[in-house]
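[1] Using only what follows, build the 3D model:
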Amino acid sequence: MNIELNKNEDSNKLSWSKIKALLDEIEEGGGKKAIQKQKDRGKLTARERISYLLDKESSFIEIGALAGHGMYEEYGGCPAGGVVAGVGYVSGKQCVIVANDQTVKAGAWFPITGKKNLRMQEIAMENHLPVIYLVDSAGVFLPMQDEIFPDKEHFGRIFRNNAKMSAMGITQIAAVMGPCVAGGAYLPIMSDETLMVEGNGSIYLAGPYLVKAAIGEITDSETLGGANTHTQISGIADYKFETEEECLKCVKKIVSKIANFPTAGFNRKESSAPAKDPNGIYSFFPEGNSKPYDMHEIIDRIVDASSFTEFKEEYGRTLICGYARIDGWAVGIVANQRLNIKNKKGELQMGGVIYNDSADKGARFIMNCNQKKIPLIFFQDITGFMVGSRSEHAGIIKDGAKMVNAVANSVVPKLTFILGNSFGAGNYAMCGKAYDPRFIYGWPSAKIAVMGGEQAAKTLWQIESASLKARKEEITKEYEQKFLKQMTDKYTAQTTAVYAAARLWIDAIIDPLETRKIISENLSAANHNPDIGEFKTGVFQV
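    Next up is the predicted model:
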């Protein structure tokens, strides 16, 4: 047993070290030369600006660091989506911070850049957090303008959200430290307050070259839209500074004066450490997520000691539901049990699968948490709902729909952590991205897909072989093996945590040991929004 635990620990530590190495590489943005060019202009990098803003020794949870990874290779890539963003503390207040990375294609907006910016605004709106924009961008990446400019969830949605957030009373502060061009010029002007750095910051609808081409006027960037122009002539900007550091200090002063608004009032008591050593998470989560394990071992290493009260413990045992505290916060936990267990009838049920009784239990528990205004935490490691004629006759679709209905209509904050598998409709029932979790994360072992690579390949082979038979073509063992390998490899590559994070299906890949801390910080953010709403489930079959 100890050998197996050691293997698990080594494997999980190695998986996280690979992710950490990738994150370290991404932190270089456009590379050392581009960073030096930024320095030569007297400018800080996006990460340095954020670091200067943040309270010392405070928590900063980066969102979307892997956005765009492996994408846009024909254009040289787009590390972190060309923007560094996250949730952190400025002058004691939790804020959303969004900083253009000028070292990546001059801070130009790729499609993933727009998606990431919209995600950060969504986080601010859902949690009523102030937003600080650190602007330094050349605008839309023109070779891909058709994928970033015209649609509902494209570039223009940013400014629509600026207006909506203002109406909601959410503070927005824009510090312009570089170019702010074309449509992007609306972002700082639609913020509550605009700060500019002399010499580098500029705001205009059209730059000097376009102005000359359009109307024949010869001008320069500073005259057209520099800090002096907008603080002395147009009145567009509110403050100007000689250095970025002075500008960022003023941002901190402004944030320090924001009032303390009403909260949601989620229950929190004094925190206590977990009953079991959190480091044991590495040992108890199986290598390659290939073997059954007891999810209680994971839960016991995340929740406060003696705080977990399991709901319907003997019923629907492939789904664990229960009340607990995490860093003092009251939470409701919904987690897939990965052990193979026997039900009351003595029938073996596969771990990681939702059966009729577990779906029924899950729906009821989720409704209870909404009734009591207790935030929900989902720990996903699920291969899906139980299939087969027996389950279909018992109404698995109906029972699954109850759970999906409860998740979809929940009004309390939902946080989702994908530990291992997240397959098929199980992803939906366990609050996947489509079900509006306030935050969603993956461990390095996370896999997201309709089904596993092997199962997908075998399913596709059945279709392919039926087609070959219909055409009366020969089916060789060699062709079958080649087909299965190609499909498995392709499908497996698309199920990884990195693939998901690159497309922002999850907000970040995290170190499993950080799970407890991240839950606490996320609940602190969620508590800022007092408008929870009324829980209604609508119509569903009983």
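[2] For stretch 385-395, which outside residues touch it?
    Applying C-beta atoms under 8 Å, 6 or more residues apart in numbering, the external contacts of stretch 385-395 come out as 349-350, 353-356, 359, 396, 400, 424-426, 429. C-beta: built from backbone N, CA, C; applies to glycine.
[3] Return the entry from the residues you listed with the maximum number of neighbours.
    Compared across the contacts of stretch 385-395, residue 429 has the highest neighbour count, 33 neighbours, by other C-beta atoms under 10 Å.
[4] For residue 34, the count of nearby residues, please.
    The burial count for residue 34: 17, using other C-beta under 10 Å.
[5] Which of the three states applies to it?
    Under DSSP: H, G, I helix; E, B strand; the rest coil, residue 34 falls in the helix class.
[6] related to what we said a few turns ago, could the contacts of stretch 385-395 go into JSON lines alongside distance to residue 312, secondary structure and pLDDT?
    Converted to JSON lines, the contacts of stretch 385-395 look like this (distance: C-beta to C-beta, whole Å; DSSP: H, G, I helix; E, B strand; the rest coil; pLDDT from 0 to 100):
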{"residue": "349", "distance to residue 312": "15", "secondary structure": "strand", "pLDDT": "90"}
{"residue": "350", "distance to residue 312": "19", "secondary structure": "coil", "pLDDT": "89"}
{"residue": "353", "distance to residue 312": "17", "secondary structure": "strand", "pLDDT": "95"}
{"residue": "354", "distance to residue 312": "14", "secondary structure": "strand", "pLDDT": "96"}
{"residue": "355", "distance to residue 312": "13", "secondary structure": "coil", "pLDDT": "94"}
{"residue": "356", "distance to residue 312": "13", "secondary structure": "helix", "pLDDT": "94"}
{"residue": "359", "distance to residue 312": "12", "secondary structure": "helix", "pLDDT": "96"}
{"residue": "396", "distance to residue 312": "18", "secondary structure": "helix", "pLDDT": "92"}
{"residue": "400", "distance to residue 312": "17", "secondary structure": "helix", "pLDDT": "91"}
{"residue": "424", "distance to residue 312": "24", "secondary structure": "helix", "pLDDT": "90"}
{"residue": "425", "distance to residue 312": "22", "secondary structure": "helix", "pLDDT": "92"}
{"residue": "426", "distance to residue 312": "19", "secondary structure": "helix", "pLDDT": "94"}
{"residue": "429", "distance to residue 312": "17", "secondary structure": "helix", "pLDDT": "96"}
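[7] Show me the shaky parts of the stretch 1-150 of the chain.
    With pLDDT under 70 as the threshold, the stretch 1-150 of the chain has low-confidence stretches at 1.
[8] just the helices in it please.
    Under the criterion DSSP state H, counting those that start in this stretch, the stretch 1-150 of the chain contains helices at 2-26, 32-40, 46-53, 111-127.
[9] which parts of the second one are buried?
    The neighbour-count check on helix 32-40 (16 or more other C-beta atoms under 10 Å) flags 34, 35, 38 as buried.
[10] Likewise for the last one?
    Of the residues in helix 111-127, those buried under the neighbour-count criterion (16+ other C-beta under 10 Å) are 111-121, 123-127.
[11] ok, so of these, who is nearest residue 139?
    Using C-beta to C-beta, residue 113 is the member of the buried residues of helix 111-127 that sits closest to residue 139, with 10.6 Å.
[12] Surely that closest one touches residue 83?
    Yes - at 5.6 Å, residue 113 counts as touching residue 83 under the criterion of C-beta atoms under 8 Å.
[13] Against residue 531, how distant is the residue nearest to residue 88 when sequence neighbours are not counted?
    Closest residue to residue 88 apart from its sequence neighbours, by C-beta to C-beta, 6 or more residues apart in numbering: residue 60 at 3.6 Å. Distance of residue 60 to residue 531, computed by C-beta to C-beta, to the nearest Å: 26 Å.
[14] Who has more neighbours out of these two?
    Set residue 60 next to residue 531 and count neighbours by other C-beta under 10 Å: residue 60 wins out with 16 against 9.
[15] Output stretch 459-471 as PDB, nothing but the C-alphas.
    This file holds the C-alpha atoms of stretch 459-471, laid out as PDB (Å, rounded to 0.1, in the frame of the first residue of the first chain):
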ATOM      1  CA  THR A 459     -17.400   4.000 -30.800                       C
ATOM      2  CA  LEU A 460     -16.000   5.600 -33.900                       C
ATOM      3  CA  TRP A 461     -14.600   2.300 -35.000                       C
ATOM      4  CA  GLN A 462     -18.000   0.600 -34.800                       C
ATOM      5  CA  ILE A 463     -19.400   3.300 -37.100                       C
ATOM      6  CA  GLU A 464     -16.400   3.000 -39.500                       C
ATOM      7  CA  SER A 465     -16.500  -0.800 -39.600                       C
ATOM      8  CA  ALA A 466     -20.200  -0.700 -40.300                       C
ATOM      9  CA  SER A 467     -19.600   1.700 -43.200                       C
ATOM     10  CA  LEU A 468     -16.800  -0.500 -44.600                       C
ATOM     11  CA  LYS A 469     -19.100  -3.600 -44.400                       C
ATOM     12  CA  ALA A 470     -21.900  -1.700 -46.200                       C
ATOM     13  CA  ARG A 471     -19.500  -0.900 -49.000                       C
END
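[16] ok, and for it, which residues are buried?
    Buried residues in stretch 459-471, counted by 16+ other C-beta under 10 Å: 460, 461, 464.
[17] what would the residues you listed look like in JSON lines with pLDDT?
    JSON lines is the format used below for these (pLDDT from 0 to 100):
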{"residue": "460", "pLDDT": "87"}
{"residue": "461", "pLDDT": "86"}
{"residue": "464", "pLDDT": "87"}
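[18] So which of those residues belong to strands?
    Among the buried residues of stretch 459-471, no residue falls in strands (DSSP state E).
[19] tell me which of these is nearest to residue 541?
    Relative to residue 541, the closest of those is residue 460; by C-beta to C-beta it sits at 32.6 Å.
[20] ok, for the closest one, nearest residue in space, not its chain neighbours?
    residue 487 (5.2 Å).
[21] circling back: restricted to helices, list the buried residues of stretch 459-471.
    Among these, the members found in helices (DSSP state H) are 460, 461, 464.
[22] quick one: the first one and residue 488, what's the gap?
    Pointing back at residue 460 there. Remark: distance between residue 460 and residue 488 (C-beta to C-beta) = 10 Å.
[23] Ok, the second one next?
    When C-beta to C-beta is applied, the distance between residue 461 and residue 488 equals 10 Å.
[24] Got the confidence number for the residue of the chain most remote from its centre?
    When distances are taken from the C-alpha mean of the chain, residue 472 lies farthest, 48.6 Å away, according to C-alpha atoms, centre = their mean. On the pLDDT scale, residue 472 is placed at 86.
[25] What is the three-state secondary structure of it?
    Secondary structure, three-state DSSP: residue 472 is coil.
[26] just residue 334 next, same as before
    For residue 334, the assignment made with three-state DSSP gives strand.
[27] How many residues are close by it?
    Taking other C-beta under 10 Å as the criterion, the count of residues near residue 334 is 27.
[28] Okay, and the beta partners of it?
    residue 321, residue 378 (DSSP bridges).
[29] Wait, it touches residue 321, no?
    Yes - Residue 334 is within contact range of residue 321, at 5.5 Å (criterion: C-beta under 8 Å).
[30] gap between residue 151 and residue 304?
    Residue 151 sits 45 Å away from residue 304, going by C-beta to C-beta.
[31] Pick out whichever of those two has more residues nearby.
    Legend: neighbour count by other C-beta under 10 Å for residue 151 and residue 304, higher for residue 304 (21 against 13).
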